[in-house]
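1. Turn this into a structure:
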Amino acid sequence: MSTLKTRIILGIVMFGMFFGILCFDVIFHTDIGFGCLAILAGAISLYEFYTIAGKSGFSPFRISGIGIGGWLFVVYWLSLRKNTGIDPSFFRQEVLIILIFWLFLIQAITHGTKDAIKNISVTIFGIFYIFFLLSFAITIRHLHQGICIVIMVLLISKFGDAGGYLLGRKYGKHKLVKSISPNKTIEGACFSLLCSVLIAVIFNLIPQIKVIDLPWSILFGIVVGCSAILGDLAESLIKRDVNAKDASNLVPAFGGILDIIDCLLVSMPVAYYFLVFFKFVSYEPKG
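-> The predicted structure is shown next:
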């Protein structure tokens, strides 16, 4: 089976599983399915990021990073739910203090002074890059029409990515950023943006799920589509540092989970602040 056919089949399966989880949440009036999926995706992605960092000479503290990053995410998620009595803030000061001192301690015990700054820094950066950026998905989920917004951003990001991949392969001639992503072309990026705008417009033409007006949906599609491309390039920048094509080989034809959610790590925060800045939703403070 060709790589393209594998990507299409697995892509449909993953979309089916994702929408199945959302349906479960809607039927039972909960967000447990979506939240657990985000935690699982975050944990695997952070493990893949630390593996990439390890190939570049770093020695990140995987268990500590994933454990504390997951803990910060869960506490933030719980704080967004009603009647918890906890302030909605991702970076809780007490957890960060424990994290910093804990990393100093295990660095001293396991590695001594060797590469202390590198090892501690890359462990903390991984939490920022994966769990913090991913927390915007759970923030959007708790907004008014949150499920519709999550689906809209997901479709804009992934269909833009798919459109750029398919049409860029056929018509792409001019490299976009050769040093970071040799296979991406300017033509593919343009097709990607066009697909993103089309998805945004079509989505908001459906009255039952409409989030914003038609003129705004065009701008929303452009902004979120561009941010999805930047998210993809950001992960490619990290992978090129160790000459790795994919974050892992967990998902055939796609690579790792980080390769699947890389565009969402940037498009979700950008979508959130777009909606807040233009007052489509009320501002919710993030720590």
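
2. all strands of the stretch 51-200 of the chain, in order?
-> With strands called from DSSP state E, counting those that start in this stretch, the stretch 51-200 of the chain shows them at 175-177, 181-185.

3. nearest to I222, of the ones you listed?
-> Set against I222 and scored by C-beta to C-beta, the strands of the stretch 51-200 of the chain come closest in strand 175-177, at 16.6 Å. From N, CA and C alone the C-beta is placed, and that goes for glycine too.

4. Give the rounded mean pLDDT of the closest one.
-> The predicted model assigns strand 175-177 a mean pLDDT of 86.

5. name the helices or strands packed onto that strand?
-> strand 181-185, helix 186-205 (3 or more C-beta pairs under 8 Å, 6 or more residues apart in numbering; DSSP states H and E).

6. Counting by contacts, list what the last one packs against.
-> If contacts are counted by 3+ C-beta pairs under 8 Å, 6+ apart, helix 186-205 sits against helix 146-171, strand 175-177, helix 214-240.

7. Looking at the ones you listed, which is nearest to D246?
-> helix 214-240 (7.4 Å).

8. Can you convert the helices and strands packed on strand 175-177 into JSON lines and add a column each for mean neighbour count?
-> JSON lines is the format used below for those (neighbours: other C-beta atoms under 10 Å):
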{"stretch": "strand 181-185", "mean neighbour count": "18"}
{"stretch": "helix 186-205", "mean neighbour count": "21"}
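
9. Go through stretch 4-15 and flag the buried ones.
-> Judged by neighbour count (16 or more other C-beta atoms under 10 Å), stretch 4-15 contains these buried residues: R7, G11.

10. Render the CA-only coordinates of that stretch in CSV, please.
-> Taking Å, rounded to 0.1, in the frame of the first residue of the first chain, the C-alpha atoms of stretch 4-15 are listed here in CSV:
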residue,chain,number,x,y,z
LEU,A,4,-0.6,8.3,0.4
LYS,A,5,-3.3,5.5,0.7
THR,A,6,-2.0,4.7,4.2
ARG,A,7,-2.3,8.4,5.2
ILE,A,8,-5.8,8.7,3.8
ILE,A,9,-7.1,5.5,5.5
LEU,A,10,-5.4,6.2,8.9
GLY,A,11,-6.5,9.9,8.6
ILE,A,12,-10.1,8.8,8.3
VAL,A,13,-9.8,6.4,11.2
MET,A,14,-8.2,9.0,13.4
PHE,A,15,-10.9,11.6,12.5
